[in-house]
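# predicted model and sequence follow; I will ask about them next.
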Amino acid sequence: MSPHKLRAVLQALSPTSSTKDTGLNREKFRQAFRWMLLARLSEEKYANLYRAGKIQGGVFIGKGQEALSVSVGISLRKGDIFAPLIRDQAGRLAFGESLLDATRTYLGSRLGPMRGRDGNVHRGRPREGYFAMISHLGAMIPTVAGALLAKRFKGEKDFVGATCIGDGGTSTGAFHEGLNLAAVEKLPLVLVVANNHYAYSTPTSRQFVCADLVEKAAGYGVEGYSLDGTSLSECLEVVGNAVERARSGNGPQLIVATLLRLGGHGEHDDAHYIDEKLKQSEVGRDCLKLAEKFLLEKNWGTKAELDEWRADALRQIEDAVATAQREPHPDPNLDDWRPLATQHLSEGHHCE
Amino acid sequence: MSPHKLRAVLQALSPTSSTKDTGLNREKFRQAFRWMLLARLSEEKYANLYRAGKIQGGVFIGKGQEALSVSVGISLRKGDIFAPLIRDQAGRLAFGESLLDATRTYLGSRLGPMRGRDGNVHRGRPREGYFAMISHLGAMIPTVAGALLAKRFKGEKDFVGATCIGDGGTSTGAFHEGLNLAAVEKLPLVLVVANNHYAYSTPTSRQFVCADLVEKAAGYGVEGYSLDGTSLSECLEVVGNAVERARSGNGPQLIVATLLRLGGHGEHDDAHYIDEKLKQSEVGRDCLKLAEKFLLEKNWGTKAELDEWRADALRQIEDAVATAQREPHPDPNLDDWRPLATQHLSEGHHCE
Amino acid sequence: MSITYLEAIREAQAKALADDPRVYIYGQDVGNFGGAFKATKNLAKEFPGRVIDAPLSEDAIIGSAIGAAIEGMRPIIEMQYADFSTCGLNQIVNHAATLFWRTQVACPITIRLPSGGTAGSGPFHSQSMEALYATYPGLIVMTPATVEDVYSMLLEAVAIDDPVIFCEHKYLYYHLKAEALPTEALPTGKARIARPGRDITVVAYSAMVHEALAMAEELATEGTEVEVVDLRSVKPLDTDTVLASVARTGRLLAVGEAWPWGGVTAEVVARVACEGFDLLDAPPRRLNAKETPVPFHPNLWGTHRPTARSIAIAVRDILRQ
Amino acid sequence: MSITYLEAIREAQAKALADDPRVYIYGQDVGNFGGAFKATKNLAKEFPGRVIDAPLSEDAIIGSAIGAAIEGMRPIIEMQYADFSTCGLNQIVNHAATLFWRTQVACPITIRLPSGGTAGSGPFHSQSMEALYATYPGLIVMTPATVEDVYSMLLEAVAIDDPVIFCEHKYLYYHLKAEALPTEALPTGKARIARPGRDITVVAYSAMVHEALAMAEELATEGTEVEVVDLRSVKPLDTDTVLASVARTGRLLAVGEAWPWGGVTAEVVARVACEGFDLLDAPPRRLNAKETPVPFHPNLWGTHRPTARSIAIAVRDILRQ
Ligand SMILES: Cc1ncc(C[n+]2csc(CCOP(=O)(O)OP(=O)(O)O)c2C)c(N)n1
Ligand SMILES: Cc1ncc(C[n+]2csc(CCOP(=O)(O)OP(=O)(O)O)c2C)c(N)n1
Ligand SMILES: [Mg+2]
Ligand SMILES: [Mg+2]
């Protein structure tokens, strides 16, 4: 394992026990790696389709953040809540989203979970604990908190809710209010901050002043962790640990991962403003490449296996794209245009 | 001086120098005490008038918080900004508000600064650096930050802006965004939190989890201080120091004072829910009584002087009330009912 | 026995809590204190753990309710004053209102907004925000004017699968009394003829219904018979009942306590003009509050909002045409 | 030379910065990056220290502008999308809008809202919020439809002593071009006859003006002469120009891209019905977007908002009466 940068800021972590499934183990690492690969390759595909003019709306990818994201998705289980954000393709897949759901949404299929009403990263299946983000950053934090409150009301046990946000998103009032509310209610919320050094074009120097965003944890009275977001092993360990601590009643967990957005804000953005020094530094390393290296070095996988995984991922992607491309797009004449669940209370158009 | 509880949480304070006017000195203490006395007695008068049905709207007083509040007002000077909140009668007076402005506002005189359009604690004279709060808690923080930004744009030097908020107000998104923005811009903002243990009826256990709200300072990268809000000497010293540190370029200062609201949320509220143990504890002491004791013990004032000050304050109050009571109330027929400074762009009433 | 509008709100919440385990109440000071207006008095005691004090965080309060609703609960949210809902507005209009349409998952939350003006409350404790919320697809906006309606509509709000903005009027809290709670009610979306009349239709809602009724009473002594329509909910807005009334009277005045630009009175007049143009024997009219923030001082406030007197003047004016 | 609507916004800001030292620009990514839409391209370089990247904090951004305005500055605030102004709404409607009336201290801030729908933008990057802001006393709401207007009105917005909500339409950013920047302009509050005609008045604003003009072009080939009124600002709303037009044509259609309940079309129809009832030879009509969030997929979006085609259908319908 790479130099262990794990730092429990507020409370010493109970030492990661190897019997518990929160830390590093071969199977989990391999599985996580495969989700990362699928996420990376599928997003590359969407980006290509975008450049070919095949996708309406923007494409925002998680390149460089897959290790962190997958660690969230893979640490959760059925009955948990996950509210991903824009760079969470890996975590979504690991949490259980089908690649077809994602692909249908990008390609505008009527059969996708959003049926063309909403697009790209805004997809989800809330009934299955997989929330559909609104754009307004920070908004999903109190929403997840409320879902956890509901589970407590309903007498459920051993559940966790996780949501992700960027360095920019920490500046929103919603972040503050949401995390504080979760702390007051001592909810099992895992809040994962990906400090990727930019909010769109805005560097962190224009976003916050503390040395590490994890310093916020103390002010909320929650447990906090700072970690290297480029290291899959570290991400799996820290996120896994935090999820289990939340699950076992230790209240909200704030995780701050340091990494770099390896590309533009979206595919429309050439990212010319990203500091060359950052790119060359440790934070600028590609978590997927590092994980691959780690895998091979530790003999947890062979080159041949990796090739096969890649081929398999590409096949899945081609299949999903082919399927979605054959499917009908939404038809305005088939939409009921009713915004209410209580259909008869939806208003028609007056004065037309 | 009472046991020195001053604690610089983030950065060691430069030792309070006795040549600088930030710390404790006889004249300042006496002056501060007189403002506290005037604040306490004037608010008692308003409360009595309220009970006699002479005041429209609510009356919200600062009983128990005068030491903290006066320290803010007295540490500022002409050219500074002050955005007080609901419990800042003492600070307002010390900053330069005339008792007549306050009294006119309470009594509904048309000649008050708000001319009946707004009332009680919502008064101010923004042109004079004395902002008029809106009710939505937290809103004044970014507003003061912006005023400081403006002063920097205009090339002014050595200015400070201060604003106050309660423990409840720290839970607002506005608090978070405003303080963070000020930190990013390294503005000379002094943010004074009065943790009086309740937000209306809500105890701090339902408001936040950290042991002391000053633990938030680190997360914003600002300097923070925790202090005993019942001690005038400590308030003068800590607030004075923070104001000078802000003035000399050390960025935002977060001050958290611990004290107790010595009464209801407003005069309509019997405060039955306040914890008896808190009342009996050190935080429940009356800062005015403590200051009086201190003054006498230190021989900074005599009993006779105190009596004279009280009599003088009562005279001022009676004068102001008598004047305001003689004055006309607003007349709807004289109001222009135009919400815009650009008068001709104000809309009239259509369809009437 | 007699029961106030405010007590009816409390009783409706008590019944909702008793009848449905999915219901809980969340808001500032709603717990042991019973709410700033005592609308949840004793409920925390009667329903332990289900009436909860929230931190001073409107955005998170609403956001949490949305999450809880997704998980199957039916939260009732009390905003301390309607005016403070601006701090939670993003969650209401962009999240709660869009959830069902985007995901087909319903969002059954009830947001109680203590609304409207009272003397000495000023610009930030007096607002009428019904039109702001009604503009957004995905929300239902109720504006009950009577003790009976505030009770039955609040129960209905909790039962409905969609987010309901429940505008209860603070002026009516203590002013309005009824003999008993109702056992039946009009369905949501149906307006009510608060007083029948043949000469002119006055459309009102919430506190303005009572100003309109007082005006009608007065004008009756002059032989004018005013029909007062109480909209009950401004979204859905019962155009049919309004049109049917205008069909009888030929004249229309729409009265609202909110500001002049836009709002309920514009929507009512526009609908009647578009869909019932030929029913009108005279130009329709609107009467709103004045075009300024709501003033603090009672002298100004009393002129800022429409009153029985100013409504009477408008009605007489229309009838002269 | 030709200049787009978007470039005109940039040029106006460059001129405001050059002419008035009190002006500065604040918003997310407006600095070196030049803004999400490049509306501030190069301005940070040309005006060092005066075009500043803000943190992701809409509430604080607007709040800070209010404070700066009190201190005599004239901030131009860019919201990255109009939709995100909901997160700063409290400061806009409760603080900026009330400041002058409460304190007699003016609040000269300009809030630029990249507004309205484009294909593939979805529920949270497409909204038209003009009516929400127009409801509040104390705000001016501009909705420029042309390159010339977006330039001159933005300059005017900065010059005006009151808070101006500047709704610039994203669909027009690149679609619309003019030969040159204007040297003179109508005053704020004056509507414009975008196309004269005698048969019917179509009132529109912002992007809908162009749908209306396209429709008028088409109907002209059928011998129908449509008069298109471009409101330019929806608050103040130039009722006189609208009434004068209806006096000529006798017929009215109000078109807006916003949702059906309330909004500009309701206000326009209500004013004409109330103040120009006798000018109307047929019932007035409104055409708005559909009653759902703005859809993401272009197929749905193209039907959600009014288009030249759907306007033409409505106009033909009115003319048959
Ligand atoms: C409240 C709000 N304001 C503005 C935006 C526009 N916006 C979308 S993404 C983005 C930058 C986000 O940066 P960060 O939180 O660091 O996440 P990252 O993109 O780096 O993953 C902005 C400003 C938004 N979505 N929500
Ligand atoms: C955003 C907002 N929500 C709710 C309120 C209603 N309200 C007024 S004062 C108050 C309690 C404030 O508590 P705290 O901040 O601790 O100040 P204190 O009254 O104790 O001085 C509340 C909830 C408000 N003014 N603003
Ligand atoms: Mg980022
Ligand atoms: Mg308090």
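Happy to help now that I have it. Ligands and ions are numbered 1, 2, ... in the order given.

# next, whichever residue of the stretch 1-150 of chain C sits closest to ligand 3: secondary structure please.
Going by C-beta to the ion, ligand 3 is nearest to C:Asn90 of the stretch 1-150 of chain C, at 20.3 Å. Any C-beta I mention is one placed from the backbone N, CA and C, and that applies to glycine too. Following DSSP: H, G, I helix; E, B strand; the rest coil, we place C:Asn90 in the helix state.

# tell me the contacts of the closest residue in space to it that isn't next to it in sequence?
Nearest non-adjacent residue to C:Asn90, counting by C-beta to C-beta, 6 or more residues apart in numbering or on different chains: D:Thr86, 4.2 Å away. D:Thr86 sits next to A:136, C:89-90, C:93-94 when contact means C-beta atoms under 8 Å, 6 or more residues apart in numbering or on different chains.

# could I get these as TSV with distance to ligand 1 and pLDDT?
TSV is the format used below for the contacts of D:Thr86 (distance: C-beta to the nearest ligand atom, whole Å; pLDDT from 0 to 100):
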residue	distance to ligand 1	pLDDT
A:His136	4	98
C:Leu89	13	98
C:Asn90	8	98
C:Val93	13	98
C:Asn94	10	98
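
# name the element C:Val315 belongs to?
helix C:308-320 (DSSP states H and E).

# check which helices and strands that helix sits against.
strand C:200-204, helix C:207-220, strand C:252-255, strand C:285-287 (3 or more C-beta pairs under 8 Å, 6 or more residues apart in numbering or on different chains; DSSP states H and E).

# so how far is it from its chain's centroid?
Here helix C:308-320 is found 24 Å from its chain centre; the criterion is C-alpha atoms, centre = their mean, to the nearest Å.

# return the set of buried residues in it.
By 16 or more other C-beta atoms under 10 Å in any protein chain shown, the buried positions in helix C:308-320 come out as C:308, C:310-312, C:314-315, C:318-319.

# now do it against strand C:200-204, angle only.
Orientation check (axes from the mean of the first three to the mean of the last three C-alpha atoms, to 10 degrees): helix C:308-320 against strand C:200-204 gives 140 degrees.

# I'd like the average pLDDT over helix C:308-320.
For helix C:308-320, mean pLDDT is 97.

# let's see that helix as CSV, backbone CA atoms only.
This file holds the C-alpha atoms of helix C:308-320, laid out as CSV (Å, rounded to 0.1, in the frame of the first residue of the first chain):
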residue,chain,number,x,y,z
ALA,C,308,-64.0,46.2,3.5
ARG,C,309,-64.0,50.0,2.9
SER,C,310,-61.7,50.1,-0.1
ILE,C,311,-63.4,47.1,-1.6
ALA,C,312,-66.8,48.8,-1.2
ILE,C,313,-65.5,51.8,-3.0
ALA,C,314,-64.3,49.6,-5.9
VAL,C,315,-67.5,47.7,-6.0
ARG,C,316,-69.6,50.8,-6.1
ASP,C,317,-67.4,52.2,-8.9
ILE,C,318,-67.9,49.1,-11.0
LEU,C,319,-71.6,49.1,-10.4
ARG,C,320,-71.9,52.6,-11.7
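
# out of everything not next to it in sequence, what's closest to residue 284?
No chain in the question, so chain A it is. Per C-beta to C-beta, 6+ apart, closest to A:Gly284 is A:Leu260, 4.6 Å.

# to clarify, I was referring to chain C.
Nearest non-adjacent residue to C:Pro284, counting by C-beta to C-beta, 6+ apart: C:Leu252, 4.0 Å away.

# and the one you found, how many residues sit next to it?
30 (other C-beta atoms under 10 Å in any protein chain shown).

# for it, list each beta-bridge partner.
Beta-bridge pairing of C:Leu252 under DSSP bridges involves C:Thr201.

# so how far is ligand 3 from it?
Distance, C:Leu252 to ligand 3, using C-beta to the ion, to the nearest Å: 55 Å.

# surely that residue and C:Val272 touch.
Yes. Here C:Leu252 reaches C:Val272: they are 5.5 Å apart, a contact under C-beta atoms under 8 Å.

# any common contacting residues for these two?
Residues touching both C:Leu252 and C:Val272 by C-beta under 8 Å, 6+ apart: C:242, C:246, C:280, C:284.

# in stretch A:299-307, what counts as buried?
Neighbour-count burial for stretch A:299-307, counted by 16+ other C-beta under 10 Å, picks out A:301, A:306.

# and that stretch, how far out from the chain middle?
Put simply, stretch A:299-307 sits 26 Å off its chain's centre (C-alpha atoms, centre = their mean).

# one step back: and the shared contacts of C:Leu252 and C:Val272, which two are the farthest apart?
C:Val242 and C:Leu280 (11.8 Å; C-beta to C-beta).

# mind listing the shared neighbours of these two?
When contacts are counted by C-beta under 8 Å, 6+ apart, C:Val242 and C:Leu280 are jointly contacted by C:252, C:272.

# need the residues of the stretch 101-250 of chain C near chain A, please.
For the stretch 101-250 of chain C, the residues in contact with chain A (C-beta under 8 Å from any C-beta of the partner chain) are C:101-103, C:105-108, C:137-138, C:140, C:160-162, C:188-189, C:235-237, C:239.

# which one of the helices and strands packed on helix C:308-320 lies nearest to ligand 2?
helix C:207-220 (21.5 Å; C-beta to the nearest ligand atom).

# residue of chain A closest to ligand 1, please.
Using C-beta to the nearest ligand atom, A:Gly166 is the residue of chain A that sits closest to ligand 1, at 2.2 Å.

# what residue ranges in the stretch 201-350 of chain A score low on pLDDT?
Within the stretch 201-350 of chain A, the stretches with pLDDT under 70 are A:349-350.

# what ranges does it have for its strands?
For the stretch 201-350 of chain A, the strands defined by DSSP state E, counting those that start in this stretch cover A:202-203, A:223-228, A:253-258.

# C:Glu225 is nearest to which of those strands?
When the strands of the stretch 201-350 of chain A are compared by C-beta to C-beta, strand A:202-203 sits nearest C:Glu225, at 65.0 Å.

# what does that closest one contact?
Under C-beta under 8 Å, 6+ apart, the answer for strand A:202-203 is A:168, A:197, A:275, D:28-29, D:33, D:53, D:55-56.

# put together JSON lines for these, with secondary structure on each row.
Shown next, in JSON lines, are these (three-state DSSP):
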{"residue": "A:Gly168", "secondary structure": "helix"}
{"residue": "A:His197", "secondary structure": "coil"}
{"residue": "A:Asp275", "secondary structure": "coil"}
{"residue": "D:Gln28", "secondary structure": "coil"}
{"residue": "D:Asp29", "secondary structure": "coil"}
{"residue": "D:Phe33", "secondary structure": "coil"}
{"residue": "D:Asp53", "secondary structure": "strand"}
{"residue": "D:Pro55", "secondary structure": "coil"}
{"residue": "D:Leu56", "secondary structure": "coil"}
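
# quick check on those residues: which are buried?
A:168, A:197, D:28-29, D:33, D:53, D:55-56.

# filtering those residues by proximity to chain B, which remain?
The subset of these within reach of chain B, by C-beta under 8 Å from any C-beta, is D:Pro55.

# for ligand 1, state which of the buried ones among the contacts of strand A:202-203 is nearest.
Distance to ligand 1, by C-beta to the nearest ligand atom, is smallest for A:Gly168 among the buried ones among the contacts of strand A:202-203, at 2.9 Å.

# setting aside sequence neighbours, what's the nearest residue to that closest one?
Nearest to A:Gly168 is A:Ala199, by C-beta to C-beta, 6+ apart, at 2.5 Å.

# if we ignore the residues flanking it in sequence, what's nearest A:Glu292?
Nearest residue to A:Glu292, sequence neighbours excluded (C-beta to C-beta, 6+ apart): A:Leu306, at 6.5 Å.

# sorry, wrong one. I was asking about A:Arg87.
A:Gly62 (3.5 Å).

# neighbours around the one you found, how many?
29.

# local confidence estimate at it?
pLDDT, A:Gly62: 98.

# next one: C:Gly223
In this model, C:Gly223 is scored at 97, pLDDT.
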